[in-house]
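Participant: how does the following fold in three dimensions:
(3 chains)
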Amino acid sequence: MGGAVVLNRLPLPAQLDRTVTTGGLLAGAIVTPPLIALIVLRVLGNISSAQMVWWMLAGVIVAGALGAVTLRNVVHSALALIAAAMGLAGMFLLLASEFLALVQVLVYGGGVAILLMFGLMLTNATEDPVVIDGSQKPFAAGVGLILGVALTAAMLSANWDASISTVVDFRDLGARLYRDFGVPFEVASLVLLVALVGAVAISRRDNDDDNDAEAAS
Amino acid sequence: MIPLEYYLVLSGILFALGFYGVLARRSAILILIAVELMLAAVSLNFVAFASYMDAELFTGVIFAIFVITIAAAEVGLALGIVLRIFRERRSANVDEASSLKW
Amino acid sequence: MSDLNFNYALLLPEIILAATGGIVLLSDAFRRELKLGRNMLPWITVAGAVLATLASVAQAGIVEDFAGIVLVDAFTTFFRVLFGLTLAVVVIGSHEYVAKQIRGQGEFYTMLLFATVGASFMAMSTELITAYVGIELLSFSLYVAVSLAKSDPRSGEAGLKYVLLGGLASAILLYGLSLVYGAAGSTDYATIAKNLSEGRDGMHAPLLMGLTMVIAGLGFKASAVPFHMWTPDAYEGAPLPVTAVLSATSKAAAFAVLLRLFGGPFLPAIADWQGTIAFLAVLTMVVGNLIAIQQHNIKRLLAYSSIGQVGFMLMAIVTISDASTSAVLMHLGGYLITNLAVFMGVIAFYNQTGSEEIADMKGLAETNPFLALVIAAGLFSLAGMPLLAGFTTKFILFQAAAYGGYLWLVGVAVVASTVSLYYYLMVIKQIYVIQTDGSLLDPQAHDVVVPRWRLTWTGYLTTATLLVAMVVVGLWVAPLAHAADSAAKALFG
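Facilitator: The predicted structure is shown next:
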C-alpha cells in the first residue's frame, strides 16, 4: 500500500508505473535469493570477491540474453540486449581490459541502443500485430541446446595452460592497434564508410535520385 | 582467481542462445539482436583467451575491438535495409519478405 | 617490435582503388559544382581499376610483407590482377544497365571499388584480423550493392536476407576463429602453423570445433551447400552486374582465403578438416547441379551452376598441395572469364529486352547471332566442352584431385559435370532451336520477320574480348598455367 502511494506521487506517466512496479518486483524476487546466497558464500569465505562479482555479471548476461531472444515485445528485447552488453562490459573489467569495457559501454549503451530504438520507432514494430516467433521454435531450441552442450563440452575437455590475467596498458594497446594493426584499422574505416554511405543510399527514396535528369535537360 | 573455463562456458552459452534466437525469431530486427548476442560471445572469448594465454601481445583484445566496431556498423546497415523494405511493404517480418522463395 | 616493414608502396593497388572510390563518391555528390555528367563515373572507376591492375603487375616479382600482416607475393598478384580485371570488365559491360536500373550510381561504383579492396586484402593477408576485416569489407559493400536496384522489391529483400544470413555466418566464422586463436595462441598464420604442428596437449576438441565453424563460415561466403541458402535469392534479387561480381570476385576471394588458411596455418591439422571439406564438396556438387535443372530464371540458374562450380573447386582444398592449388587457381581464372562472358551477354540481352527468363531467350540465334554465340560458348565452357577455357582448366583440376588420392571424389565430380551439361543445353536449345515469335521485342509483331538488334560498342567490346579469352585459354593454357604455378609456389614455398 505504502509503495503504491509513493508511486502515485512520482512524476511518472500513468502507463509506465504499473510496468515499473510489476517489472521491478518480479526482477527483485528473482534476483534477491541468488544475490543473498552469493553474499553469504562470500562472507563464509567460500568464494573470492572476484568470483562473487563474476557470478553476478554472468547472471545479468544470461538473463539479458534470454530476454533478448524470448521476449515478445521488441523494445524489451532490445533493452535486454543492452543489459547483456553492459554485463559483458563488466566481464571485460574483470578480464583487466578497461579500454574494451569503455568501448563496449559507449558503442552498445550509446550507439547500438539508440540505433535499435530509432529502427523500432521508424518501423513501428511495436504496433505490428503479427506473430513475432515462427513455428520452428522447438527445432531452434533443439539446435541451440545441442550447440551449447557441444561448445561447453569442448571448452571443458580442453587442457588450457592458462596463466594469470594481466592488465593491458593503454599505451601498449595504442601501439598495437595503430602501429602493428594499422592496415586492418584503415580497412575497418572503409567498412564504416561503406555502412554509412550504404545506409543512406539504400533508405533514400527512389525518386530523390532522378532530379538530376531534370536539371540536366 | 577465476578459471578460464568459466568465461569460455559462459561465452558458449551466450553463443548458443544467440543461435537459438536467429533460428526462432522472424522479425528482422529481432534476428539482428540475436546476431549481436553471438558477436558478444565472440568478443568475450577473444578477450578471455587474450588475457589468460596471450598476455604479452593481447591480440585477442585487438580482435575484439574490431568485432565490436564492425558489429555496430552492421546494425546500422541492416536497419537501413529494413527501413527500405518497411517503406515498400509496411512490415519488418522476414516471412512476409517472400516474393523470393527461400 | 620496431623492425616492422612499413613500405606503403606495397599497398599501392589497394590505395588506388580506395582513392578512386572516394573520388567517384565525391564527384557524384558535387557533380553540379564540377559540371560533371553522371556518365563520367563508370570511366573513372575503370581508370582506377586499370591503374590498380597495372600497379599490381608492376609488383610482380616482389616478395615482401607489410608490418607482418599482409604479404605481397605471386599469389597476391594473381588475385589482384584477377579482381582488377573483373571490376574493369563488369563496369565497362554494364554501365548502360547501371544508368537505368540503379539508384545512386556514385554509391554503386564506390561499393564495387571497395568490394575489390576487401577482396584484395582477403587474398594478401597473412593474419586473421586483416583477413576478417577484408571479408567484412567485401561483404558490406556487396550487401549495399545488392540492395541498390531501382524500383525492384526483390532487391531490398535479397539485401535483407543477405545481410542477416551474412551476419550469422560472420558470427560463426568469428567464433571458430576465436577457438583457433585460443588453441593456437596467435592470429599470425606462420605462428599458428608452428604452434599447431608442435601439437599442444588437450587442445584437440576446441580446435576441431573451431575448424568446423571456420569451414561453415567460409563455406557460407563461398556458398557451399548446405550454407548456400542465400545464394539463389541474392543472385536473383541483385542487379545483374552485382550478380556477376558475387559470382566472380566474391567466390574467388573466398577461395583465396581458403587456400591461404588451409594451405598454411591449418595444414598441420589436416586430419581434422579434410573429411569435412570432402563431404561439403560432394554435397555442393550434387545439390548445386541437381537444383539448377529446374530453374527458369537465368540468374537463378547461374547461381546454382556457380554453386556446382564451387563444389569442383573445393576438391582442390581437400587434396591441398602445390599441384592442386595451381590447378584450382587456373580453374578460377577460366571460370571467371567464362562466367563473366555469360553475364555480360545476359546484361546485353536484358538491356535490349528487359527480361531475365530463360524462355524469353528463344530465337536469340536469329535476332542476335553474335550474342547467341557468346552465351552458348560461355555455357559450353561452364559445362566443360573441349576447345574452351572450361574444359582445359576443369580437366587439370580433376586430374590434380585424382593424383591427390581422391578418385571417388573425381568420379562424383564427373557425374555432376555431366548433369550440368543437361541444363546448359536446355538454355542453348532455347537460343538455337526454338523459333522466336517476336513477342518479346514487340508485342504486336506476331508472324512477321523479327528485326535483328545490335549491342552497344561497350557490349561488343566486353563480350568479344571475353569470347576470345575463353578460346585462347582453351587452346593455349600456358600463360595462365605459368601464373597459377608461380602463385601456388609462393604459397607452398
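
Participant: grab the longest helix from chain B for me.
Facilitator: helix B:59-89 (DSSP state H).

Participant: what's that helix packed up against?
Facilitator: helix A:98-104, helix A:113-123, helix A:182-203, helix B:28-53, helix C:128-146, helix C:153-184 (3 or more Cβ pairs under 8 Å, 6 or more residues apart in numbering or on different chains; DSSP states H and E). Every residue, glycine included, has its C-beta placed from N, CA and C.

Participant: just the angle for that helix relative to helix A:113-123, thanks.
Facilitator: Per axes from the mean of the first three to the mean of the last three Cα atoms, to 10 degrees, the angle that helix B:59-89 makes with helix A:113-123 is 10 degrees.

Participant: circling back: nearest to residue A:30, out of the helices and strands packed on helix B:59-89?
Facilitator: For those, proximity to residue A:30 was assessed by Cβ to Cβ; helix B:28-53 is nearest, at 20.2 Å.

Participant: now do the closest one, average pLDDT.
Facilitator: What helix B:28-53 shows for mean pLDDT is 92.

Participant: wait, does that helix contact chain A?
Facilitator: Yes - using Cβ under 8 Å from any Cβ of the partner chain, helix B:28-53 reaches chain A at B:29-30, B:32-34, B:36-37, B:40, B:43-44, B:47-48, B:50-53.

Participant: local confidence estimate at residue A:48?
Facilitator: Confidence score, pLDDT, at residue A:48: 86.

Participant: these two touch, right, it and residue A:55?
Facilitator: No - look at residue A:48 against residue A:55 with Cβ atoms under 8 Å: they stay out of range, at 10.9 Å.

Participant: one step back: turn the helices and strands packed on helix B:59-89 into CSV, columns for distance to residue C:224 and mean neighbour count.
Facilitator: Converted to CSV, the helices and strands packed on helix B:59-89 look like this (distance: least, Cβ to Cβ, whole Å; neighbours: other Cβ atoms under 10 Å in any protein chain shown):
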stretch, distance to residue C:224, mean neighbour count
helix A:98-104, 34, 20
helix A:113-123, 32, 17
helix A:182-203, 24, 22
helix B:28-53, 21, 27
helix C:128-146, 15, 29
helix C:153-184, 11, 26
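
Participant: tell me which residue of chain C lies closest to chain A.
Facilitator: residue C:202 (2.7 Å; Cβ to the nearest Cβ).

Participant: would you confirm that that residue contacts residue A:159?
Facilitator: Yes - between residue C:202 and residue A:159 there is a contact under Cβ under 8 Å: 2.7 Å.

Participant: for the record, mean pLDDT for stretch C:177-187?
Facilitator: pLDDT averaged over stretch C:177-187 gives 92.

Participant: so residue A:48 and residue A:55 - more neighbours on which side?
Facilitator: A direct count of neighbours by other Cβ atoms under 10 Å in any protein chain shown for residue A:48 and residue A:55 places residue A:55 higher, at 19 against 12.

Participant: may I ask which helix or strand encompasses that one?
Facilitator: For residue A:55, the element it lies in under DSSP states H and E is helix A:49-70.

Participant: so how far is that helix off the chain centroid?
Facilitator: 11 Å (Cα atoms, centre = their mean, to the nearest Å).

Participant: where does the prediction get shaky in chain C?
Facilitator: Counting by pLDDT under 70, chain C shows low-confidence ranges at C:1-2, C:436-450.

Participant: what does it have sitting close to chain B?
Facilitator: Counting by Cβ under 8 Å from any Cβ, chain C sits next to chain B at C:128-129, C:132-133, C:136, C:140, C:143-144, C:147, C:153-154, C:156-161, C:163-164, C:167-168, C:170-172, C:174-175, C:177-179, C:181-182, C:185-187, C:229, C:233, C:236-237.

Participant: re earlier: can the helix holding residue A:55 be found next to chain C?
Facilitator: No - Helix A:49-70 does not reach chain C (Cβ under 8 Å from any Cβ); its nearest approach is 13.5 Å.

Participant: show me what counts as buried in that helix.
Facilitator: Buried residues in helix A:49-70, counted by 16 or more other Cβ atoms under 10 Å in any protein chain shown: A:51-70.

Participant: now for residue C:262: which residues touch it?
Facilitator: Contact partners of residue C:262, counting by Cβ atoms under 8 Å, 6 or more residues apart in numbering or on different chains, are C:273, C:277, C:317, C:320.

Participant: let's see which of these end up in helices.
Facilitator: C:273, C:277, C:317.

Participant: for chain A, give me the ranges with low pLDDT.
Facilitator: For chain A (pLDDT under 70), the answer is A:1-19, A:124-134, A:163-165, A:206-217.

Participant: before we move on, what about chain B?
Facilitator: Using pLDDT under 70, chain B drops low at B:90-102.

Participant: pull the contacting residues for the spatially most central residue of it.
Facilitator: Nearest to the geometric centre of chain B sits residue B:36, at 2.6 Å (Cα atoms, centre = their mean). Each residue near residue B:36 by Cβ under 8 Å, 6+ apart is listed here: A:81, A:85, A:112, B:18, B:71, B:75.

Participant: what's the burial count for the residue lying closest to the second one once chain neighbours are set aside?
Facilitator: Nearest residue to residue A:85 in three dimensions, chain neighbours excluded: residue A:108, at 3.7 Å (Cβ to Cβ, 6 or more residues apart in numbering or on different chains). Using other Cβ under 10 Å as the criterion, residue A:108 is surrounded by 25 other residues.

Participant: contacting residues for residue A:108?
Facilitator: A:81-82, A:85-86, A:89, B:68, B:72.

Participant: so which of these are in helices?
Facilitator: A:81-82, A:85-86, A:89, B:68, B:72.

Participant: so which of those residues is the most crowded?
Facilitator: residue A:81 (29 neighbours).

Participant: that residue against residue A:68, yeah?
Facilitator: Yes - taking contacts as Cβ under 8 Å, residue A:81 lies within contact range of residue A:68: 4.3 Å.

Participant: between these two, what contacts are shared?
Facilitator: B:33, B:37.
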